[in-house]
Each structure stands twice: as structure tokens, then as C-alpha cells.
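Student: sequence first, predicted model second:
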Amino acid sequence: MDPLTSRSIRELRKLLDQRDVSALEVARAHLERIEALDESTVRSLLTVTRDVAEEQARRADERLANGDTQPLLGIPMILKDVLTTRGIRTTAGSKILENFVPIEDATITRRLAEAGTVLLGKANMDEFAMGSSTENSAYFPTRNPWDLDRVPGGSSGGSAAAVGAEFAPFALGTDTGGSIRQPGALCGVVGFKPTYGRVSRYGLIAFASSLDQIGPFTRSVEDCALVMNAIAGHDPCDSTSLQASVPDYTAALREVSLKGVRLALPREYFSVEGMEPAVDASVKASIAHLESLGANLGEVSLPHTQYGLATYYLIAPAECSANLARYDGVKYGLSVREPGAGLWDVYERSRGAGFGREVKRRIILGTYALSSGYYDAYYLKAQKVRTLIKQDFDAVFEKFDAVVGPTSPNVAFPLGAKTQDPLAMYLNDLFTIPTSLAGLPGVSVPAGMVDGLPVGLQIIGKALDESTVLRIAHAFEQSTEWHKLRSPVAQRVVSRESRAGSPI
Amino acid sequence: MTISRAEVQHVARLARLGLSTEEMDRLASELDHILDAMQALRQLDTSAIPPTAQVIPLRNVMRDDVSRRSWPVDEILANAPATHDGQFLVPPVLD
């Protein structure tokens, strides 16, 4: 029998509903796997929340006994450590928040708790979500479950690696320029960024407020839809959250044919400089497969794609430099106070000691772009090009239902390979940034292997049309075998777990 | 373009960010490199293009002006590095 930790949400749901297994057993199987493997393999977690998990699992068992049938009741999960959890340290991957214990749950934390999920721990990440490899964590780098010498992608690398290592059936991440989709691709799991505003950001520690969005990592598209059903929807605490009604995302998955679905292939997303040819070929093969499922393909141009990186790396740092002004060593977080020092010294020293290299780089870049004399040339210019990038997508969506292409120009790269060259690191987000700038939903699904490393297929949809994105992703997944491949870490057996996995 | 250490120092001061001399030198050269790559945007004529600050059609969002529970002082101060008489303690602002 497969261990509990390899099960999907849907499979666990069935076992829990039939009382084949208790939520506490499910939680303990995952906790034991994490405690046995995480430190020595991927290092995906900054905090393991065993006590919280066991308490939530016991409560889920009570609800199950009372006939509660919520779809995520008793399902374990992991939160990226940028989502606040009352009473549980939340670091955002930064030393400046090393001892920060939030007094309030993020809306997403609360919604998932109300849905009956069980929090196993908080996932490692690039500091303040700035990075594409999780090497910018102030604590330690996370490693890829397919090859421990390689990065898991980032910034949500801990969440992606944890799902790929089968430490949890789902995890939450955040995506500002690709931070869910890119690690999803590199770790061979489903990574979904909803439309900007679809999921409340209240309690998400802000990086770039016009771009940040929360979304799930799962091992199947159906599980992704189940999580989306629980987390999407308006929140009065987040004034940018959308009032739009939320469909049942699983309903879209019933249609398995893609007959008549119009898919756009942007020529700027294929055979471009800096892209690994084997990744290019793999994604093209996946797109041919979509055609065989009935989709109509059409080549299009998103002519401002090449300006996406520059636009993003002005707008995101500008917003970050404003958002991170709150870390002042006064209200919470690291405070460096030397005798006789004035308030200004406390600001400068606390921030100088508490922020890491990439965060400082972006604060300086963003402050520069917003400073007097440069605002029009950099920040305002970037906002105008953002309009052009959005218009590119608007034009394509007049004739197409979705855009398909690669998630990342490369597979997972070795640790340290790009840390000395910021621009090389930024190139990882070439194909994910335009979607973020336009606020559109996008998913990465496992769609190939190159030299033993996963390749992701990206599907981008119209604003608020997550259903079409998930429908296409599901049709692809269900007619291919890629999502069934298990990473080497996932295949590692933990002995006590196999007992816990047997029916009682 | 060439960014000097003095420019980095000025920007760091605006950001209240303490940097060592080595950090300033390194950032000057990195910033140079990054801003060079951003010059590409200048090729585009955007004179007739409105800026996009955010992508969703939202206007100011208001809530009803009703009182609600506020946080207890001890919880608000729980993460503070220093407190005094139920308040945040800060170093002198004026000499």
C-alpha cells in the first residue's frame, strides 16, 4: 500500500471520509516524514509546527465524527513563511524578523484553518520573496528534491520542494514575478498563480503590492482546484481583493477534451537567447500534445516581452523600497541600539544588519528609481511600459482562450551558479514576469524531463478565468504521465511511516 | 552610465539603510550594470501611453465608519524591542 504521504488531497479525503485513517494519523505520517528527511535532504522548512498540527488534526477528527464534509478537512499543508500565523514565528526568510511572532493570522491562514486543514510548518524562501533560487534565504538554501546539488527555484522554493518531496499534499506560496510557477516547474509540481486580487493578501508580508499574489503548490491539477475553492474570494481586510464571484474550480475539470479551445503560442517565448534548447524542444512537444487533444493553436506576438524584465526590476524594487520602510527597529523586528545612539542610527543600523544582500540591492535600486530626478526616467517609464505589456495580452485574448509556453527558460541549476550575477538570476523569470505585470492567472504543470530534471509548461489565462487555465492544465496532465514521476527524495521510504500508512 | 559611491551613499541615506564602504562600492558597480540593462526601455516611445499602477479596475475602497475592537496594548507591544509604560520606547529624536 502506498504511504499516506504520497497521497493526493482527493485520495486522503476518501480515506478520511471512510474512517480508514484519522486526521491525526495523516498528520503524524507527514510530520514523521518531515522530521526524518527534511534536514538531511531538501531543507524546505524553517519551522515545524508539530503541536499546532496535532491539535488541528484532533479538531478535524472531531469535526469528521460530527459529519462535517468540508473538502480540505484533515488535510495537512505547509505555508510559505511570508504568511502570518498567530503565535508562530514568521520570518519572511529574513534575519530582521528572526524573532517575530505575529499576533494575527493572515486571512489565508484563517481560511485554511476554518476549512479544517492541518498546518505542518512554515516553508523556507528567498528573503522577503526576492529571488529565484531560495539561496537568498537568510537561514539556509533549500535544495531540489530531484537533485540535492541544485536549487528548487524561488522565491517559494521551500513550499515547492516540500510538495515535491512529499512532505505535504499541498503548500501555499506567493508569486510576484514567477515565485510560484518557476519553483513549481523546477521541482516538478503544479504551481498556480491566481489573478491579482483573487486571493486576499491580508497578512501576506508585502514585497511588491501591485504584483504579489498567493497560490497553491500541489501534485495534481485537481488538488490545485480544491485548494483554490477554499482560498479564493473577496476579503474586506484587503482593499485590492476582488469582489467577483468565485466559481467551483473543480467543475471546469469535467471537460477533458480541448476541442475548440484556442491556444496562443507567443513567438517571443520560444527559441530565444538564453533558453536551453532541450527545454524549448520539450515544451514544443507538450504543445503538440495539446493540439492532439483538440486544441487549435495559433502563433502570436507579445511584442513587449523583451521589456518585461527591465520593467519588473524597476517596479518591484520601487514598491519594495516603500514596503520595507516599515522595518525600523522600533515596533518589531531586529533593533540595533547602541548606547547614545539616536533614532536615525537605530534605523540605519537595524536595517543594515537585518537585511541581506539582495534585499539591500533592491531597496537601493528602488529608492534610486523613485528619487528626485530619476522618477520619470525609470519608475514612470516602467509603469508606461507595463501598460504596453498588458495591452499585448489584451490583444491576444480577443482571439484566444489561453497562452501557452515554457515556465522557465531552464531546468534547475546548481547551487551557486547564478548568485554572483544578478542579471543572470533575473533571467529565470523571463516568461513569468509579463503575466505578473498584467495581473493574469498562470499555472505551471509538469511537462517533461531533461537530464533527469523536470520541465514546466506554463498556461496563462484571461483575468479571473482561472477555470480555463485549470481545465487545460488538467486535460494535459490526465493524458500524460509526467505528474506521476516521483522525485528521488519523494521515493525515500521512512520506516515508521509505512506502518502509519496501513489501514487501522 | 556610471553610478558613484557618493550616489549610492545618498540613496542609502534616503532609504535609512546602513551600508559599509565595501557594500557601497559593490552596489555602485552592480547598479551600474543593472541600470544599463534597463536603458532598453528608452527605445520605446511612451509619450501617449498612460502609466499602469495596478491592473484591476478598482477605485478607492471605503468601509463604514463604525468602531470595532482594537488590539490589546500588551499584544501590540509583544514584539517591540523596547517599551516603557505601555508605549514603544525610541531613542532621542532630537539632540
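Tutor: That came through, no problem.

Student: C-alpha only now, for contacts and for neighbours.
Tutor: Noted.

Student: give me every residue that touches the residue in the stretch 101-250 of chain A that chain B sits nearest to.
Tutor: Proximity of the stretch 101-250 of chain A to chain B (CA to the nearest CA) peaks at A:S210, 5.3 Å away. Taking CA atoms under 8 Å, 6 or more residues apart in numbering or on different chains, we find A:S210 in contact with A:319, B:53-55.

Student: closest to A:S159 among these?
Tutor: A:E319 (24.1 Å; CA to CA).

Student: ok, and does the helix or strand hosting the closest one reach over to chain B?
Tutor: Following DSSP states H and E, one finds A:E319 within helix A:308-323. Yes. Interface with chain B: helix A:308-323 contributes A:310-311, A:321 (CA under 8 Å from any CA of the partner chain).

Student: what bits of the chain have low per-residue confidence?
Tutor: With no chain named, the answer covers chain A. Along chain A, segments meeting pLDDT under 70 span A:1, A:496-504.

Student: that answer is for a different chain, and I need it for chain B
Tutor: B:1, B:95.

Student: distance of the residue most central in space within it relative to A:Y312?
Tutor: Centroid check for chain B by CA atoms, centre = their mean gives B:A15 as the closest residue, at 6.5 Å. Separation of B:A15 from A:Y312 (CA to CA, to the nearest Å): 20 Å.

Student: same thing with A:A165?
Tutor: From A:A165 to A:Y312 the distance is 31 Å (CA to CA).

Student: more neighbours, these two?
Tutor: A:A165 (31 against 25; other CA atoms under 10 Å in any protein chain shown).

Student: tell me which residues touch the residue lying closest to that one once chain neighbours are set aside, please.
Tutor: Nearest residue to A:A165 in three dimensions, chain neighbours excluded: A:A490, at 4.3 Å (CA to CA, 6 or more residues apart in numbering or on different chains). A:A490 makes contacts with A:6, A:145, A:164-166, as judged by CA under 8 Å, 6+ apart.

Student: which of these fall in helices?
Tutor: Applying DSSP state H to the contacts of A:A490, the entries found in helices are A:G164.

Student: among the contacts of A:A490, which ones are buried?
Tutor: Buried members of those, scored by 16 or more other CA atoms under 10 Å in any protein chain shown, are A:6, A:145, A:164-166.

Student: residues near the nearest residue to A:A138 once chain neighbours are set aside, how many?
Tutor: In this structure, A:A138 finds its nearest non-sequential neighbour in A:S94, 5.2 Å apart by CA to CA, 6+ apart. A:S94 sits with 25 neighbouring residues when counted by other CA under 10 Å.

Student: do the same with B:D65
Tutor: Using other CA under 10 Å: B:D65 sits among 6 other residues.

Student: biggest helix in chain B by residues?
Tutor: helix B:21-38.

Student: show me where the chain has strands.
Tutor: With no chain named, the answer covers chain A. A:45-48, A:76-80, A:118-123, A:170-175, A:190-193, A:213-218, A:262-266, A:296-300, A:402-406, A:442-450, A:453-461 (DSSP state E).

Student: can you look at chain B instead?
Tutor: B:83-84, B:87-88.

Student: okay, now the sheet partners of the last one, with direction.
Tutor: Which is strand B:87-88. Strand partners for strand B:87-88, identified by DSSP bridges, are recorded as strand B:83-84 (antiparallel).

Student: on that earlier part again, my guess is the residue nearest to A:A138 contacts A:R357. True?
Tutor: No. Under the criterion of CA atoms under 8 Å, A:S94 is not in contact with A:R357, lying 10.9 Å apart.

Student: lovely, talk soon.
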